[in-house]
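K.L.:
quick one: sequence plus predicted model below, questions after.
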Amino acid sequence: MGKQVTATGIERLFAPRSIAMVGASNQVERIGGQVYGNLALSFKGALYPVHPRDETVQGDRAYRSVAELPEPVDLAVIAVPAQHVTGVVEQCGERGVGGAVVLTAGFAEAGPAGEALQRELAEVAARTGVRVTGPNCIGYLSSAGGVAASFAMPPGTPLPPPGPVALVSQSGGFGSYIAEKAQLAGLRLGWFVSTGNEVDVNIAQVLRYLVERDETRVLLAFSETLRDPDVLVETAQRAAELDKPLVMLKAGRSREAARAALSHTASVVGSAEVFDAVCRQYGVVVADTMEEMLDLGMIFQDGRRPRGDRIGIMTTSGGAGVLLADGAGMSGLTVPEFPKEERDAIAAKMPQPFYGSAANPVDTTAQITAAPDLFQTVLGEVVGGSVVDMATTVTWARPGPANDAIIETYRSTDKPFAVLCTAWLEEFQKAGVPTYTDPRRAVHALATLARHTLRRPPPAASFTPDADRAGRVRGMLGEARTLGEGVLLESTAKRVMAEYGIPVTRETFVRGVRDSGPDEVAAAAEALGGPVALKVMSYQLPHKSDVGGLRLGLSGADAVRDAYRDMIAEVGRRAPEAMISGVLVQEMAPARLEIGCGMRRDPVFGPMVALGPGGIMIEMLAETALLRPPFDAGAAREAIGGLLGGRLVGGSRGLSPAELDLLAATMTGLGQLALEVPEIGEIDVNPVRVADGSAVAADALIVLAADDGEEG
């Protein structure tokens, strides 16, 4: 994990009152000249160019080095050759500089020599306390602070007016592409930050800082990797508390893209499925494309929130209305028909005779153009409808009374309102009207706004480790560790899970294989009552059924004895090298449903708990609820309730409330186990047999991590 975000360090980096430009140049075609010119154009605080030879830079007195600066500035912007960067940051630390933006490339992205330079830079930053963004970045822009510490803007370009949207990108070049496209689309960017190789300050830390800024109301992020998942989760929780939507576009989702990200910024890329699940859990909106991220920024930036998921649609073309209604339905919105009195009121205001529809979508037909004053009247009826929580309409990108009416209607309501237009229109952008050029994108943005508003993530779950319980579990791992085995016996795995309140089958472990074995397992079966299963326990046979080490549905002492002898003989033939530790005698639990549950450790987000259809269906359906611990039973129940389109809970043969509670307990127990005992690397519980208000783990596999140690 990176350094903890501190108010003083991060504040001086991103809200400086004084700036030095190391590598400032009189040649505006060079990066040092361009960036210094951008700083000089917008920054109102003290600004110092640093150049080893020139007396002045772009008309300002220059200083030979950071050591000669007249004051310990808040921010140093560094654009010098890679081999000199570490020395400059060292000087910054000695001079009391707060933060540094390192624009220079040639570090970890450039091979072994660059990796060595980056390690040196990281060490100096950590030792001196200078907060560093970069290297290999294009800097940042802050309209509120008047800081243009970037070469993303052509020389002489003023900063855009302060706006509510912040864009953070690990990539510099493509980040500037997104920023320019965003402004063309009408997003009011107040911040643009490029983090580059993230030797110190990373995307999660920047977002954590920006979410607390009063001027920031929407956060957009383009990420190739995440180095501080805990900070991202904390940011997401804070964003939800403040109602500041966080939208993320994640690169590196495929194996091929992950390789590209590695070569670009020396990043570590985790599972895309896990990333999506964590975002869903904490209320982060995931965008699949750059255009979607900008679409969502557009609909979020005016701060309007719907009270429900009902949309009103008005068009002058029936075809457009059908496309918008189709998109709305497929995106999860409802298109309710207006009540009769409202339909009659709309129809009465139309030019007569009226050949359109007043039902919703409202089709005014082109005849309304003959009475342009009525356009605003009818649009107002649609937007103000009693069954409407949000609205959309269609227009053309040219001046006229219809577009004037759209702007006036937008200003007159607090309901979310998106316009489908043939192009981005300056008048709409000045008025803040969210504008889209494709029907599906317009209603998808509204639908995402509705989902984000109506489904708030639950409050953060707290978890206090139980040292005594963890100690007992570590004692159970002892035998496997002593024998150098990487897995636990099923019998031990279930004892571990029982410590965490996970319901398991009733069973007895008969240790060893000896002449009295048949009688011992028969006695154990009789004590359990009812049909039983016999399972060979061997560290070498985690998948015991593959070698005949499983017998099911046994009733009666003689049947149990015979099955025991036959099973031991078959395993001896098929796996003669396996050392048999004993036999597990287990009750046969009934099953109306079989569920699989487990835990894996993602390289970025750490432990993740999964639950989905189990048994033979686990590979066929491949749908799981994924949660990152800690989480509570309520979050687990909600995640399970979303499986199979809600049918796992709501279907005729779905889970009962008692069964749902037991499965939620299984998920929360696995999450607590993963947090308390990081020596456990993987857990598989398949199947959990569900029937008659019961849900018990019938089989379990616990795999130990390759190395001991606490989670990093």
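P.N.:
Okay, I see it. Numbering: from 1, shown residues only.

K.L.:
how long is stretch 448-459 end to end?
P.N.:
Using Cα to Cα, to the nearest Å, the end-to-end distance of stretch 448-459 comes to 21 Å.

K.L.:
next, the buried residues of that stretch.
P.N.:
Judged by neighbour count using 16 or more other Cβ atoms under 10 Å, the buried positions of stretch 448-459 are 448, 449, 450, 452, 453, 457. Quick note: C-beta positions are derived from backbone N, CA and C, even for glycine.

K.L.:
and residue 445, what element?
P.N.:
Secondary structure from DSSP states H and E places residue 445 in helix 439-454.

K.L.:
and the contacts of that helix?
P.N.:
245, 283, 285, 291-292, 295-296, 298-300, 304-306, 308-309, 311, 320, 323-324, 327-328, 330-333, 389-390, 392, 416, 418-420, 434, 436 (Cβ atoms under 8 Å, 6 or more residues apart in numbering).

K.L.:
and the buried residues of stretch 448-459 as a markdown table, adding pLDDT and distance to residue 636?
P.N.:
Formatted as a markdown table, the buried residues of stretch 448-459 follow (pLDDT from 0 to 100; distance: Cβ to Cβ, whole Å):
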| residue | pLDDT | distance to residue 636 |
| --- | --- | --- |
| 448 | 98 | 25 |
| 449 | 98 | 27 |
| 450 | 98 | 25 |
| 452 | 97 | 22 |
| 453 | 96 | 24 |
| 457 | 89 | 14 |
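
K.L.:
let me know the closest of those to residue 164.
P.N.:
Ranked by distance to residue 164 (Cβ to Cβ), those are led by residue 449 at 14.8 Å.

K.L.:
quick revisit: hmm, which of the contacts of helix 439-454 are the buried ones?
P.N.:
Burial by neighbour count, 16+ other Cβ under 10 Å: within the contacts of helix 439-454 this picks out 245, 283, 285, 291-292, 295-296, 298-300, 304-306, 309, 311, 320, 323-324, 327-328, 331, 333, 389-390, 392, 416, 418-420, 434, 436.

K.L.:
residues making contact with stretch 349-365?
P.N.:
With contact meaning Cβ under 8 Å, 6+ apart, stretch 349-365 is reached by 312-318, 321-322, 324-325, 335-338, 342-344, 346-347, 367-368, 370-371, 374-375, 377-378, 381-382, 385, 387-388.

K.L.:
give the buried subset of those residues as a ChimeraX selection command.
P.N.:
The ChimeraX command for the buried members of these (criterion: 16+ other Cβ under 10 Å) is given here:
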select :312,313,314,315,316,321,324,325,335,336,338,342,343,346,347,367,368,374,375,378,381,382,385,387,388
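
K.L.:
from the contacts of stretch 349-365, which land in helices?
P.N.:
Residues of the contacts of stretch 349-365 located in helices (DSSP state H): 318, 321-322, 324-325, 342-344, 346-347, 374-375, 377-378, 381-382.

K.L.:
so which of these comes closest to residue 70?
P.N.:
Among the ones in helices among the contacts of stretch 349-365, residue 324 lies closest to residue 70 (Cβ to Cβ), at 61.5 Å.

K.L.:
helix, strand or coil: sort out the most centrally placed residue in the chain for me.
P.N.:
Nearest to the geometric centre of the chain sits residue 279, at 2.8 Å (Cα atoms, centre = their mean). What DSSP: H, G, I helix; E, B strand; the rest coil gives for residue 279 is helix.

K.L.:
need the contact list for the residue nearest to it when sequence neighbours are not counted.
P.N.:
The shortest distance from residue 279 to any non-neighbouring residue, by Cβ to Cβ, 6 or more residues apart in numbering, is to residue 286 (4.9 Å). Residue 286 makes contact with 247, 248, 249, 250, 275, 276, 279, 280, according to Cβ under 8 Å, 6+ apart.

K.L.:
which of those residues sit farthest apart?
P.N.:
Farthest pair in the contacts of residue 286 (Cβ to Cβ) is 249 and 280. Separation: 15.3 Å.

K.L.:
neighbour count: those two, which is higher?
P.N.:
Taking neighbours as other Cβ atoms under 10 Å, residue 249 and residue 280 compare with residue 249 leading, 21 against 18.

K.L.:
and the gap between the more buried one and residue 681?
P.N.:
Distance from residue 249 to residue 681, counting by Cβ to Cβ, to the nearest Å: 31 Å.

K.L.:
can you tell me which of the contacts of residue 286 are in helices?
P.N.:
Short answer: those in helices (DSSP H) are 275, 276, 279, 280.

K.L.:
hey, which helix or strand in the protein has the poorest pLDDT?
P.N.:
Least confident helix or strand, the chain: helix 255-265 with a mean of 45, by mean pLDDT, DSSP states H and E.

K.L.:
pLDDT weak spots in the stretch 601-712 of the chain?
P.N.:
Where the stretch 601-712 of the chain drops to pLDDT under 70, the residues are 615-622, 707-712.

K.L.:
mind listing the helices for it?
P.N.:
617-621, 633-641, 647-650, 657-676 (DSSP state H, counting those that start in this stretch).

K.L.:
over to the stretch 1-150 of the chain?
P.N.:
Going by DSSP H, counting those that start in this stretch, the stretch 1-150 of the chain shows helices at 7-14, 31-42, 82-95, 112-128.

K.L.:
for the first one, name the packing helices and strands.
P.N.:
I take that to be helix 7-14. strand 99-102, strand 131-133, helix 203-210 (3 or more Cβ pairs under 8 Å, 6 or more residues apart in numbering; DSSP states H and E).

K.L.:
quick one: closest of those to residue 219.
P.N.:
Of the helices and strands packed on helix 7-14, nearest to residue 219 by Cβ to Cβ is helix 203-210, at 5.7 Å.

K.L.:
correct me, but residue 227 touches residue 202?
P.N.:
Yes - using Cβ atoms under 8 Å, residue 227 makes contact with residue 202 at a distance of 4.6 Å.

K.L.:
low-confidence ranges in the stretch 201-350 of the chain?
P.N.:
Checking the stretch 201-350 of the chain against pLDDT under 70 turns up 253-270.

K.L.:
hmm, try it at 90
P.N.:
Residue ranges of the stretch 201-350 of the chain with pLDDT under 90: 224-226, 251-273, 317-318, 349-350.

K.L.:
where does residue 418 fall, secondary structure wise?
P.N.:
Assigning secondary structure by DSSP H and E places residue 418 in strand 417-421.
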